[in-house]
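In: whatever this is, show me its structure:
(one chain, ligands or ions: 2)
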Amino acid sequence: MFLIAGSSSKREKLDFNQSVVCDNCGQYGRYNVIMEYTYLSLFFIPIFKWNKKYYVKSSCCGSIYSINKKTGDKIADGEKITLKDKDLHILKKGHSHSLKKCSDCSFETREDFQYCPKCGSKFK
Ligand SMILES: [Zn+2]
Ligand SMILES: [Zn+2]
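Out: Ligands and ions are numbered 1, 2, ... in the order given. Reported below is the predicted structural model:
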């Protein structure tokens, strides 16, 4: 008899929907909550989950935020939660409208440069 056991990690999108005006890009978007966890499986059936982490991803620009585990657990349990700014800790900013593109060489930057760092043209 073979014993097939192992641990892997998995991401699951939780049933959560919150419409927001995004802080990062200023557009209307939705917050999606993603749960990431490590699980031990036996015969391909997950029997134990641990190391749960929760992330929020905005649908507008794809910014990623971390939220604390307590809040995430509540969402996972199906509680109606409204995420506020203080619950969200930015991990990665998505594309925003402040992206500058050089009209001469197509270089893109999110920094507030006056001149293109690549070819030296002035940003408009
Ligand atoms: Zn956004
Ligand atoms: Zn340029």
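In: from here on, contacts and neighbour counts on C-alpha atoms
Out: Will do.
In: how near is the residue most central in space within the chain to ligand 2?
Out: Compute the mean C-alpha point of the chain, and by C-alpha atoms, centre = their mean the closest residue is I64, 2.6 Å away. I64 sits 29 Å away from ligand 2 when distances are taken as C-alpha to the ion, to the nearest Å.
In: so what does that residue have for phi and psi?
Out: Note on I64: its backbone torsions stand at phi -110, psi 130 [degrees, to the nearest 10].
In: wait, isn't it in contact with Y54?
Out: No: counting by C-alpha atoms under 8 Å, I64 does not reach Y54; the two are 10.4 Å apart.
In: quick check: which ranges of the protein have low pLDDT?
Out: For the chain, the stretches with pLDDT under 70 are 1-3, 96-98.
In: in the protein, which spans are strands?
Out: For the chain, strands defined by DSSP state E occupy the ranges 5-13, 18-21, 28-42, 45-58, 64-66, 89-92, 100-101, 108-109.
In: can you redo those strands as CSV, where the extra columns are distance to G72?
Out: Listed next are these as CSV, based on distance: least, C-alpha to C-alpha, whole Å:
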stretch, distance to G72
strand 5-13, 12
strand 18-21, 14
strand 28-42, 8
strand 45-58, 6
strand 64-66, 10
strand 89-92, 13
strand 100-101, 35
strand 108-109, 33
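In: residues in a beta bridge with Y28, which ones?
Out: V21 (DSSP bridges).
In: run a quick neighbour tally on it.
Out: 14 (other C-alpha atoms under 10 Å).
In: same deal with the one 3 residues further on?
Out: Counted with other C-alpha under 10 Å, residues neighbouring Y31 total 23.
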